[in-house]
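Asker: Could you look at this predicted model? Sequence included:
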Amino acid sequence: MNLSGTRIVVVGMARSGVAAVELLRERGAAVRAVDQNMPVISGITVEPQTPEAFLDSDLIVLSPGVPADLDLLDAARGRGTRVIGDLELASWFLEGEIIGITGSNGKTTTTALTGHILQSSGIAAQIGGNIGTPPCSMVKTSSTGQWNVLELSSFQLETTETFRAHVGACLNVTPDHLDRHYTLENYAEMKARLFVRQRDADFAVLNADDAICRGYAHRGGARPVWFSLTQRVSPGACICGGRILLDGEPLMSTSEVPLRGTHNIENAMAAAVMARIAGARHDQIRAAVMSFPGVEHRLEFVRELNGIEWYNDSKATNVDATLKAIDAFPGGLWIILGGKDKNSDYTLLAASLKEKAHAALLIGAAAEKIKGQLNGSIPLIDCATIDGAVSTAFERARPGDTVLLAPACASFDQFQSYEHRGRDFKRLVKELAWPN
């Protein structure tokens with residue numbers, strides 16, 4: 001596509017927006033960068049996000065963090081201006097086939113694991129999207145015959161028009177980002193956009209145990225391939241007698257998957273299915289899964305101190321992710337909850353917390369809402385900040401207990417990102433020491 005001389009506005013100057021500006025400049029476009037917070041970025045002049053900034057534009061490109069229903073954007077659409085996202089833009093120029101992975105939970109681990117299996121199997125692949133490298137930055141390193149393994153958020157899929165993945169996967173759909181998508185139905189429809197433009201030579205990798213995912217099998221022309229914890233499926237991956245079967249053949253024992261939690265068995269099965277489609281052999285997949293080191297901020301073991309284990313699951317930014325984290329432990333939990341609310345229902349945590357937790361340590365802006373919804377389930381301790389929660393857990397936990405950061409909330413009330421929150425937690429935990 002020739003963009004030379006095209007007047008393009010890029011909205012949102014976080015990492016993805018900056019990457020879009022750089023790609024567009026390389027393609028000869030006349031680019032205007034806008035952001036409501038006016039960040040200072042080397043080599044890019046950022047303008048305020050005003051109505052005037054959108055006038056006379058031929059195309060508007062949104063970063064994932066920018067809501068697609070802003071009044072300014074509706075006004076631009078009314079003038080006939082096309083509005084897309086950075087994923088759509090990148091897809092115009094990416095070379096090689098695309099594996100796109102979405103879902104409410106597990107997509108980062110599954111994306112990283114899929115890329116790890118391919119690379120370990122000698123299959124050319126690069127990893128990015130909503131994880132690590134923005135899609136637009138992947139264009140210059142893409143090539144024919146290489147796989148682009150992309151983690152895809154609902155925000156990225158929302159603004160696609162022609163984007164198509166040769167392999168599309170949805171791991172699960174549970175309520176999330178309702179502060180932006182408003183209803184579960186709207187949110188699920190954003191995920192469905194991964195499949196609607198697939199063709200009969202493409203593959204839709206779907207969780208057979210998830211009703212919404214099953215419905216995606218009929219949304220495009222792709223061949224469905226399944227994974228399931230509870231039932232025999234073909235083609236795809238399932239559990240039989242404590243072993244993972246892949247296309248009906250034994251792959252590995254579930255005990256050989258090095259990641260904690262049943263949900264990570266699902267993630268491993270999904271990754272195995274996609275790697276098999278891309279050409280990896282059973283023995284290569286098994287060896288790569290067993291060598292996978294895990295992903296930072298996803299049930300990440302931080303340290304053991306005086307018989308107490310500390311885990312960082314800062315990526316648990318919704319209730320379902322926190323439930324999966326709780327399920328990964330036998331009990332004895334001191335769980336840190338709170339942050340920026342995403343219009344979540346925290347009552348769903350009550351039964352699991354009552355069974356497995358000594359107490360919940362509450363932090364951030366959502367603390368009062370969580371307290372109101374969990375009152376009476378377990379002891380609730382106001383800690384305000386991560387520092388306060390770590391100190392309280394250090395004082396109260398006993399040998400055999402586990403301290404788990406799994407907030408069920410976004411991080412943006414007190415932190416720049418879930419990564420910032422997780423690293424701050426790890427720093428505090430690593431600084432802990434018993435007095436002499």
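Answerer: Happy to help now that I have it.
Asker: who are the neighbours in contact with Met274?
Answerer: Applying Cβ atoms under 8 Å, 6 or more residues apart in numbering to Met274 gives the contacts Ile99, Ile101, Thr114, Val167, Ala169, Val205. C-beta coordinates here come from the backbone N, C-alpha and C atoms, glycine included.
Asker: Any chance of CSV for those, columns secondary structure?
Answerer: Formatted as CSV, those follow (DSSP: H, G, I helix; E, B strand; the rest coil):
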residue, secondary structure
Ile99, strand
Ile101, strand
Thr114, helix
Val167, strand
Ala169, strand
Val205, strand
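Asker: ok, so of those residues, who is nearest Asn343?
Answerer: Distance to Asn343 across those (Cβ to Cβ) is lowest for Ile101, with 24.7 Å.
Asker: and that closest one, how many neighbours?
Answerer: 33 (other Cβ atoms under 10 Å).
Asker: circling back to that earlier point, could I get the contacts of Met274 as a markdown table with pLDDT and distance to Asn37?
Answerer: Listed next are the contacts of Met274 as a markdown table, based on pLDDT from 0 to 100; distance: Cβ to Cβ, whole Å:
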| residue | pLDDT | distance to Asn37 |
| --- | --- | --- |
| Ile99 | 98 | 33 |
| Ile101 | 98 | 30 |
| Thr114 | 98 | 34 |
| Val167 | 98 | 36 |
| Ala169 | 98 | 34 |
| Val205 | 98 | 37 |
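Asker: which one of the residues you listed sits closest to Asp69?
Answerer: Using Cβ to Cβ, these come closest to Asp69 at Ile101, 25.3 Å.
Asker: Isn't the closest one up against Thr114?
Answerer: Yes - counting by Cβ atoms under 8 Å, Ile101 touches Thr114, with 6.9 Å between them.
Asker: Between these two, which contacts overlap?
Answerer: Val149, Ala270, Met274.
Asker: and the first one, helix, strand or coil?
Answerer: Meaning Val149. strand.
Asker: contacting residues for it?
Answerer: Contacts of Val149 by Cβ under 8 Å, 6+ apart are Ile99, Ile101, Thr111, Thr114, Gly115, Leu118, Ala125, Gln126, Ile127, Gly128, Gly129.
Asker: if we can go back for a sec, how about the shared contacts of Ile101 and Thr114 in TSV, adding distance to Asp200?
Answerer: Shown next, in TSV, are the shared contacts of Ile101 and Thr114 (distance: Cβ to Cβ, whole Å):
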residue	distance to Asp200
Val149	22
Ala270	22
Met274	18
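Asker: what's Ile308 in contact with, if anything?
Answerer: Neighbouring residues of Ile308 by Cβ under 8 Å, 6+ apart: Ala397, Arg398, Pro399, Gly400, Asp401, Thr402, Val403.
Asker: Just the buried residues out of the residues you listed, in PyMOL syntax.
Answerer: The PyMOL command for the buried members of the contacts of Ile308 (criterion: 16 or more other Cβ atoms under 10 Å) is given here:
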select buried, resi 397+401+402+403
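Asker: Tell me which of the contacts of Ile308 fall in strands.
Answerer: Secondary structure assignment by DSSP state E places Thr402, Val403 of the contacts of Ile308 in strands.
Asker: Excluding covalently adjacent residues, which one is nearest to Phe93?
Answerer: The shortest distance from Phe93 to any non-neighbouring residue, by Cβ to Cβ, 6 or more residues apart in numbering, is to Val139 (4.6 Å).
Asker: ok, and Glu395, which helix or strand is that part of?
Answerer: Assessed by DSSP states H and E, Glu395 sits inside helix 386-396.
Asker: check contacts around the residue lying closest to Met13 once chain neighbours are set aside.
Answerer: Spatial nearest neighbour of Met13, excluding adjacent residues (Cβ to Cβ, 6+ apart): Asp35 at 4.2 Å. Residues in contact with Asp35 (Cβ under 8 Å, 6+ apart) are Val11, Gly12, Met13, Gly17, Val46, Pro48, Gln49.
Asker: Quick one, which of these are buried?
Answerer: Val11, Gly12, Met13, Gly17, Val46, Gln49.
Asker: which element follows the least confident helix or strand in the chain by mean pLDDT toward the C-terminus?
Answerer: In the chain, no helix or strand scores lower on mean pLDDT, DSSP states H and E than helix 178-181, which sits at a mean of 66. Toward the C-terminal end, the helix or strand that comes next after helix 178-181 (DSSP H and E) is helix 184-192.
Asker: Direction included, what does the helix or strand encompassing Trp334 pair up with?
Answerer: Per DSSP H and E, Trp334 falls inside strand 333-338. With DSSP bridges as the test, strand 333-338 is paired with strand 357-363 (parallel), strand 402-405 (parallel).
Asker: So Ala287 sits against Ser120, correct?
Answerer: Yes - between Ala287 and Ser120 there is a contact under Cβ under 8 Å: 6.9 Å.
Asker: Which one's more surrounded, those two?
Answerer: Counted by other Cβ under 10 Å, Ala287 and Ser120 do not tie: Ser120 has more neighbours, with 18 against 15.
Asker: ok, the more buried one - contacts?
Answerer: Counted by Cβ under 8 Å, 6+ apart, Ser120 has contacts Gln284, Ala287, Ala288, Ser291.
Asker: same thing with Glu47?
Answerer: So Glu47 contacts Arg32, Ala33, Val34, Ala53 (Cβ under 8 Å, 6+ apart).
Asker: Just the pLDDT for it.
Answerer: Glu47 carries a pLDDT value of 95.
Asker: can you map out the helices along the stretch 301-436 of the chain?
Answerer: Applying DSSP state H, counting those that start in this stretch to the stretch 301-436 of the chain gives helices spanning 319-327, 350-356, 367-374, 386-396, 418-431.
Asker: So which of these is the most surrounded?
Answerer: Counting by mean count of other Cβ atoms under 10 Å, helix 319-327 has the highest mean neighbour count of those, with a mean of 23.
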